[in-house]
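Novice: The amino acid sequence is not available; the structure is as follows:
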């Protein structure tokens, strides 16, 4: 799943608008839009902060290729 789509789904599941999420992140609505639509190059610290604000825990996992 693309990370931007996941961010959007989590935001909507939390019942937040882009503007409301931006306020919680001390950011701008345009930044949330970029995350949701062009999230190819995001810092892990940004994702961790976003997860925290949404009441989620971020986990990165590496698995063996089979």
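Specialist: Nice, thanks for sending it over. As the structure is a prediction and not an experimental result, all values here were calculated from the model.

Novice: hey, let's count contacts and neighbours off CA atoms from now on
Specialist: Noted.

Novice: Okay, residue 21 and residue 55: tell me how far apart.
Specialist: The spacing between residue 21 and residue 55, counted by CA to CA, to the nearest Å, is 12 Å.

Novice: Looking at these two, which is more packed in?
Specialist: Neighbour tally, residue 21 and residue 55, criterion other CA atoms under 10 Å: the higher count belongs to residue 21, 21 against 11.

Novice: OK, contacts around that one?
Specialist: If a contact means CA atoms under 8 Å, 6 or more residues apart in numbering, then residue 21 has 11, 29, 32 as its contacts.

Novice: Which of these fall in helices?
Specialist: Secondary structure of the contacts of residue 21 is defined by DSSP state H; positions in helices are 11, 29, 32.

Novice: Neighbours of the residue lying closest to the second one once chain neighbours are set aside, how many?
Specialist: What sits nearest to residue 29 in space, not counting adjacent residues and going by CA to CA, 6 or more residues apart in numbering, is residue 19, at 4.8 Å. Residue 19 has 16 neighbours, counted by other CA under 10 Å.

Novice: do the same with residue 7
Specialist: The burial count for residue 7: 20, using other CA under 10 Å.

Novice: From residue 45, how far out is it?
Specialist: When distances are taken as CA to CA, residue 7 and residue 45 turn out to be 14 Å apart.
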